[in-house]
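**Student:** take a look and give me a structure for this.
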Amino acid sequence: MIHIDQKEHTTQNGTKVIVLAPSGRLDITTAWQFRLKLQECISKLSRHVVVNLGQVNFIDSSGLTSLVAGMRDADKVKGSFRICNVHPEAKLVFEVTMMDSVFEIFETEEEALEEGVRAS
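**Tutor:** Model (predicted):
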């Protein structure tokens, strides 16, 4: 089981952004749950998503795959998909797999949300 905090943020221009903050491990046992959560948020709540990885201390290829799938879902509906606050231990995985150049990654949640305001 993975615990995922979810909150809603409305930007100054009225765009609704969903912030998801999973905690623990994002691996083969939990990635599918996270993937479903992303799908549900993008299809039902908002096409703009920020994933805060500050509480994820381990991520494997299935975790990365769930993030890529979320990004694709958001792209399909002309939304945005940003990652922020990547845990130092998980950051290495992004760098080694060169996923840090695939995703929009921000230091803080605030930056990710502000960037969303400018981009939309």
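
**Student:** for the rest of this, base every contact and every neighbour count on C-alpha atoms.
**Tutor:** Noted.

**Student:** tell me which element the residue most central in space within the chain is part of?
**Tutor:** Nearest to the geometric centre of the chain sits residue 51, at 2.6 Å (CA atoms, centre = their mean). Here residue 51, judged by DSSP states H and E, is contained in strand 48-52.

**Student:** what's in contact with that strand?
**Tutor:** Residues from elsewhere that reach strand 48-52 (CA atoms under 8 Å, 6 or more residues apart in numbering): 16-22, 41-42, 74, 79-86, 109, 112-113.

**Student:** give the next helix or strand downstream of the longest strand along the chain.
**Tutor:** Ordering each strand of the chain by length in residues (DSSP state E) puts strand 16-26 first. Next helix or strand after strand 16-26 toward the C-terminus (DSSP H and E): helix 31-40.

**Student:** report the buried residues of that following helix.
**Tutor:** 31-35, 37-39 (16 or more other CA atoms under 10 Å).

**Student:** of all the residues you listed, which comes closest to residue 55?
**Tutor:** Lowest distance from residue 55 to those (CA to CA) belongs to residue 34, with 13.8 Å.

**Student:** hang on, that closest one packs against residue 65?
**Tutor:** No. Residue 34 is beyond contact range of residue 65, at 10.5 Å (criterion: CA atoms under 8 Å).

**Student:** contacting residues around the helix ranked longest in the chain?
**Tutor:** In the chain, assigned by DSSP state H, the helix with the most residues is helix 61-76. Identification of contacts with helix 61-76 by CA under 8 Å, 6+ apart yields 26-28, 30-32, 34-35, 38-39, 42, 47-49, 80-81.

**Student:** go through that helix and flag the buried ones.
**Tutor:** Applying a neighbour-count criterion of 16+ other CA under 10 Å, the buried positions in helix 61-76 are 62-68, 70-71, 73-74.

**Student:** give me the below-cutoff pLDDT ranges for the protein.
**Tutor:** Across the chain, the ranges flagged by pLDDT under 70 are 116-120.
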